[in-house]
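Peer 1: Quick one: sequence and predicted model below, then my questions.
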Amino acid sequence: MGIHELAIESFLALTDEQCEERIIAAKAKLGNRLIILGHHYQREEVFRHADFSGDSLKLSRQAAQSGAEYIVFCGVHFMAEVADILSGPEQKAILPDLAAGCSMADMASLDKVERAWQELSLILDADNQITPVTYINSAANLKAFCGRHGGIVCTSGNARAVLEWALNQREQVLFFPDQHLGRNTGYRMGIPLEQMVVWDFDQPNGGLTAAQIHQAKLILWDGFCSVHQVFQPEHIDRFRAIYPDAKVISHPEASFEVCQKSDEVGSTEYIIKTVNASPPGTRWLIGTELNLVNRLAKIGQAEGKLVHFMSPTICMCSTMFRIDPQHLLWTLENLVAGQVVNQIKVPIEEAQPARVALEQMLAISA
């Protein structure tokens, strides 16, 4: 802890209501030196303080375009890394709680991906045949790996455009860390399921034969989002039996079977736009994170729409939930006192190649 740093312990005992006024006051004192970015999955008590809200791609762009000295990211670790990579050297990216990570991102480490690349290189000419694609839900060093190997980053909103670009570069794609986004996107592009294989990173050669690797268009990392795996096809079947005229929309991190039974599949931004654009009286079953669904339900109720969460089991992004009003207030009042806490700084040797992969993505998505 820095000499003048305000201790977190004195903030944790505060109620959300006590934090509210002080957060507003700290924001006012910092003025345009500060920008707060809030991911759609963030809890409402924090989300309401965001200057900009969105999914990963939208917030990545806002981080890059922001002139603020302090970028406080109410999201998870990899998002703050992206903000640091894309922002200027005079800007500081900050994560209110360093424990806010992503279990899916943790499923693909640099060591495991480099080992996979070495194993693939013994079977085929990986550097000339495979384009590595990492979902933005990954560590900065994996984005750097893609940058060094002619690869790219994607989000759930631009995954199709990115995969089309990647397959135009080389014959095959190694896609990590989320197999479901890769499979759902690839299938909608017309790639047969038999040309998509899953790389089990705990097995030699991913548990695949040389023939399976040679014939695959997409080599999918065996990773997943635990939040989106709670949704099951039976949830949709039961809902349709009660409400046959209802619409179903799911995030592509959900399983193939869930997405196949859905009327619409898309990113958080796509889900929001689709539900908001639907006429009054429309009933929706939504397969994505609970905080976002609750927000849409509240808006929809005022517009005569009925919005339901797909799973009977309550499930939210537990790591995102670590960003609470107490940690946000602690961060802001330290900034007011001239002390930067929890700055996220990506080493230059990672940041430069990662930026190459990110800027390639942004160019495709422009």
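Peer 2: Right, received. Where do you want to start? Numbers count the residues shown, from 1 in each chain.

Peer 1: Let me know the helix or strand that the residue nearest to Phe256 when sequence neighbours are not counted is in.
Peer 2: When the adjacent residues along the chain are set aside, Phe256 lies closest to Arg183, with 5.4 Å between them (C-beta to C-beta, 6 or more residues apart in numbering). In short, each C-beta sits where N, CA and C put it, glycine included. Element membership for Arg183 (DSSP states H and E) is helix 179-188.

Peer 1: Just the mean pLDDT for that helix, thanks.
Peer 2: Taken as a whole, helix 179-188 has a mean pLDDT of 98.

Peer 1: Past that helix, which element shows up next along the chain?
Peer 2: Past helix 179-188, further along toward the C-terminus, the next helix or strand under DSSP H and E is strand 196-199.

Peer 1: contacting residues for Ser278?
Peer 2: Applying C-beta atoms under 8 Å, 6 or more residues apart in numbering, we find Ser278 in contact with Lys247, Trp284, Lys305.

Peer 1: what's the distance between it and Ala211?
Peer 2: Computed as C-beta to C-beta, to the nearest Å, the Ser278 to Ala211 distance reads 46 Å.

Peer 1: now do Arg283
Peer 2: Plainly put, Arg283 is 47 Å away from Ala211 if you go by C-beta to C-beta.

Peer 1: The two - which one has more neighbours?
Peer 2: With neighbours defined as other C-beta atoms under 10 Å, Arg283 and Ala211 compare such that Arg283 has more, 17 against 9.

Peer 1: On the strand side of things, show who that one bridges to.
Peer 2: Beta-bridge pairing for Arg283 (DSSP bridges): Leu306.

Peer 1: now swap in the one 4 residues further on and tell me
Peer 2: Note on Gly287: beta-bridge partners by DSSP bridges are Ser250.

Peer 1: tell me the contacts of it?
Peer 2: Under the criterion of C-beta under 8 Å, 6+ apart, the contact list for Gly287 reads His228, Phe231, His235, Val248, Ile249, Ser250, His251, Ala254, Val258, Ser262, Met310, Ser311.

Peer 1: The last one reaches Phe231, doesn't it?
Peer 2: Which is Ser311. Yes - taking C-beta atoms under 8 Å as the definition, Ser311 is a contact partner of Phe231 at 5.5 Å.

Peer 1: so how far is the longest helix belonging to the chain off the chain centroid?
Peer 2: Counting by DSSP state H, the longest helix found in the chain is helix 348-365. Here the centre of mass of C-alpha atoms in helix 348-365, compared against the chain's by C-alpha atoms, centre = their mean, to the nearest Å, lies 16 Å away.

Peer 1: cool, stretch 278-288 as well?
Peer 2: In terms of C-alpha atoms, centre = their mean, the centre of stretch 278-288 is found 23 Å from the chain centre.

Peer 1: Endpoints of that stretch, how far apart?
Peer 2: By C-alpha to C-alpha, to the nearest Å, the extent of stretch 278-288 from end to end equals 18 Å.

Peer 1: ranges for the strands of the stretch 1-150 of the chain?
Peer 2: Residue ranges of the strands in the stretch 1-150 of the chain, as given by DSSP state E, counting those that start in this stretch, are 34-39, 52-54, 70-74, 92-94, 130-135.

Peer 1: so what pLDDT did Leu57 get?
Peer 2: 69.

Peer 1: picking that back up, would you turn the contacts of Gly287 into CSV with pLDDT?
Peer 2: Listed next are these as CSV, based on pLDDT from 0 to 100:
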residue, pLDDT
His228, 85
Phe231, 95
His235, 97
Val248, 98
Ile249, 98
Ser250, 98
His251, 96
Ala254, 97
Val258, 98
Ser262, 98
Met310, 96
Ser311, 88
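
Peer 1: nearest to Met107, of the residues you listed?
Peer 2: His228 (13.5 Å; C-beta to C-beta).

Peer 1: surely that closest one meets His251?
Peer 2: Yes - with contact defined as C-beta under 8 Å, His228 reaches His251; the gap is 5.8 Å.

Peer 1: got any residues that touch both of these two?
Peer 2: Counting by C-beta under 8 Å, 6+ apart, the residues touching both His228 and His251 are Gly287, Thr288, Glu289.

Peer 1: close enough to count as contact, the second one and Val258?
Peer 2: No - taking C-beta under 8 Å as the definition, Thr288 is not a contact partner of Val258, at 10.8 Å.

Peer 1: Which neighbours do those two have in common?
Peer 2: In contact with both Thr288 and Val258: Ser250, using C-beta under 8 Å, 6+ apart.

Peer 1: Now do the SS call for Val248.
Peer 2: Under the three-state scheme (DSSP: H, G, I helix; E, B strand; the rest coil), Val248 adopts strand.

Peer 1: can you check Pro280 too?
Peer 2: Pro280 ends up coil, using three-state DSSP.

Peer 1: Let me know the angle separating the longest helix of the chain from strand 130-135.
Peer 2: Orientation note: helix 348-365 sits at an angle of 90 degrees relative to strand 130-135 (axes from the mean of the first three to the mean of the last three C-alpha atoms, to 10 degrees).

Peer 1: and helix 348-365, what other elements does it pack with?
Peer 2: helix 56-65, helix 77-86, helix 140-148, strand 152-154, helix 159-169 (3 or more C-beta pairs under 8 Å, 6 or more residues apart in numbering; DSSP states H and E).
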